[in-house]
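S.K.: below are the sequence and a predicted model for it; my questions follow.
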Amino acid sequence: MSILIVTGIEGVRNCASVVGAQLGMEVEVAEGRKTALVALRRREFAAVVVDETMAECDPSAAEAIWERAGLAIPLQINFALSGAARVIREIRAALHRREREQGLARRAATAAIESELKNTVAGLLLHSQLALSGGDLPSSVADKLRMVADLAGNLRLQLNAPTPARGDTAA
């Protein structure tokens, strides 16, 4: 993971090296829109920090950078007023916020998939058991339906079994 800082302020490389050391990430500095766009074409960044002064002076440049930032977290910071400590706090907070959002999204997706799978297995088990209770089935079909019912029952038990990653759930 790396960070792109876009600013024309002199001495920002010192700030960038402090940010990189504190966050344990590589920090690349772009001194303008063209350099930033080249860097964004070259690789992905975890965050793109644009100097507020630059964004206000050239909004179209800032917009072009945001459009090409991909999945990077966009941040706008006034480097003339903010020291390295503030920049680090802002970036760290944004990265933590992104991690929390991704964790929530993963848990929601996992729950949705698990629910859909449990519903499908329950339906398969129910339909196979209903078909078996019909009575007038050839023995070969009944054997296959019993196999399907057994497999669905075993899968249901496995889905309901508590695991360290999932915890207790019921279908």
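M.R.: Received, thanks.

S.K.: for the least confident helix or strand in the chain by mean pLDDT, enumerate the helices and strands it packs against.
M.R.: In the chain, no helix or strand scores lower on mean pLDDT, DSSP states H and E than helix 139-160, which sits at a mean of 86. When contacts are defined as 3 or more Cβ pairs under 8 Å, 6 or more residues apart in numbering; DSSP states H and E, helix 139-160 packs onto helix 84-132. Yep, even glycine has a C-beta here, placed from its N, CA and C like the rest.

S.K.: what does stretch 117-136 contact?
M.R.: Leu137, Ala142, Leu145, Arg146, Val148, Ala149, Ala152, Gly153, Leu155, Arg156, Leu159, Ala171 (Cβ atoms under 8 Å, 6 or more residues apart in numbering).

S.K.: which pair in those residues has the greatest spatial separation?
M.R.: Using Cβ to Cβ, those span at most 27.5 Å, a distance reached by Leu137 and Leu159.

S.K.: what's the spacing between Glu63 and Glu28?
M.R.: Using Cβ to Cβ, to the nearest Å, one obtains 20 Å as the distance from Glu63 to Glu28.

S.K.: next one: Ser133, what pLDDT does it get?
M.R.: On pLDDT, Ser133 comes in at 85.

S.K.: sorry, wrong one. I was asking about Leu104.
M.R.: In this model, Leu104 is scored at 95, pLDDT.

S.K.: what's the answer for Asp168, then?
M.R.: Taking Asp168 on its own, its pLDDT is 47.

S.K.: now do Ala55
M.R.: What the model reports as pLDDT for Ala55 is 89.

S.K.: quick one: it is in a helix?
M.R.: Yes: under DSSP: H, G, I helix; E, B strand; the rest coil, Ala55 falls within a helix.

S.K.: tell me which element the closest residue to it other than its chain neighbours falls in.
M.R.: What sits nearest to Ala55 in space, not counting adjacent residues and going by Cβ to Cβ, 6 or more residues apart in numbering, is Ala62, at 3.8 Å. Element membership of Ala62 [criterion: DSSP states H and E] is helix 59-67.
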